[in-house]
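Chemist: pasted the sequence and its predicted model underneath.
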Amino acid sequence: MVMQKKIRVVIAKPGMDGHDRGAKVIARSLRDAGMEVIYTGIFQTPESIVETVLQEDVEVLGISLLSGAHLHYAKEISQLLHEHGLENVLFIMGGTIPEKDIEILKSYGVDKVFGPGSHSGKIVSFIKDWVASSQGI
């Protein structure tokens, strides 16, 4: 029997947004679904987040934002992911993100946005499906 490698995920909170309940709930849901989650905590810089993604060799980066700075951080984090050759990492965001900004975020390189009230099961399924398709499973 072959053991399947756990999906590795970084969950991060950039900037001065100190509200982390949602990020912790998602981190717990992903762990409960069998993923290995590295939660960086609050007040992270884009550089420290991408450095964690690089060092931890993860498949997924999840950013939680409630501060309204989602466009700024998405653009900066996407650029850093690209500079470090991490375009193959699934980049998702969640939090209070207006519907009108989703296409802009996608143009910056965000793969999926989960707004307020998103069911954790849908996030788990999205990640599992993406990892399976990216690995040809």
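Modeler: Cool, the structure landed.
Chemist: so what touches stretch 38-47?
Modeler: 8-18, 20, 23-24, 27, 48-49, 52, 56, 58, 73, 76-77, 80 (Cβ atoms under 8 Å, 6 or more residues apart in numbering). The way it works is simple: take the backbone N, C-alpha and C, and place the C-beta from them, glycine included.
Chemist: tell me which element the residue nearest the centre of the chain falls in.
Modeler: By Cα atoms, centre = their mean, the chain has its centre lying nearest to Gly62, at 1.2 Å. Element membership for Gly62, per DSSP states H and E: strand 60-65.
Chemist: partners of that strand in the sheet?
Modeler: strand 8-12 (parallel), strand 90-95 (parallel) (DSSP bridges).
Chemist: right, and the helix or strand after it?
Modeler: Downstream of strand 60-65, the first helix or strand assigned by DSSP H and E is helix 70-83.
Chemist: for that following helix, name the packing helices and strands.
Modeler: For helix 70-83, the elements it packs on are helix 46-56, strand 60-65, strand 90-95, helix 102-108, judged by 3 or more Cβ pairs under 8 Å, 6 or more residues apart in numbering; DSSP states H and E.
Chemist: now what about the third one, what contacts it?
Modeler: Which is strand 90-95. With contact meaning Cβ under 8 Å, 6+ apart, strand 90-95 is reached by 22-23, 26, 59-66, 70, 74, 77-78, 81, 105, 109-116, 118, 123, 126-127, 130-131, 134.
Chemist: what about the protein, any weak spots by pLDDT?
Modeler: Applying pLDDT under 70 to the chain flags the ranges 1-3, 136-137.
Chemist: need the contact list for Val25.
Modeler: Ser120 are the contacts of Val25 under Cβ under 8 Å, 6+ apart.
Chemist: and what of Gly115?
Modeler: Contact analysis of Gly115 by Cβ under 8 Å, 6+ apart lists 94-97, 99.
Chemist: just the buried ones from those residues?
Modeler: With burial judged by 16 or more other Cβ atoms under 10 Å, the buried subset of those is 94-95, 97.
Chemist: next, Gly115: phi, psi?
Modeler: phi -80, psi -180 (degrees, to the nearest 10).
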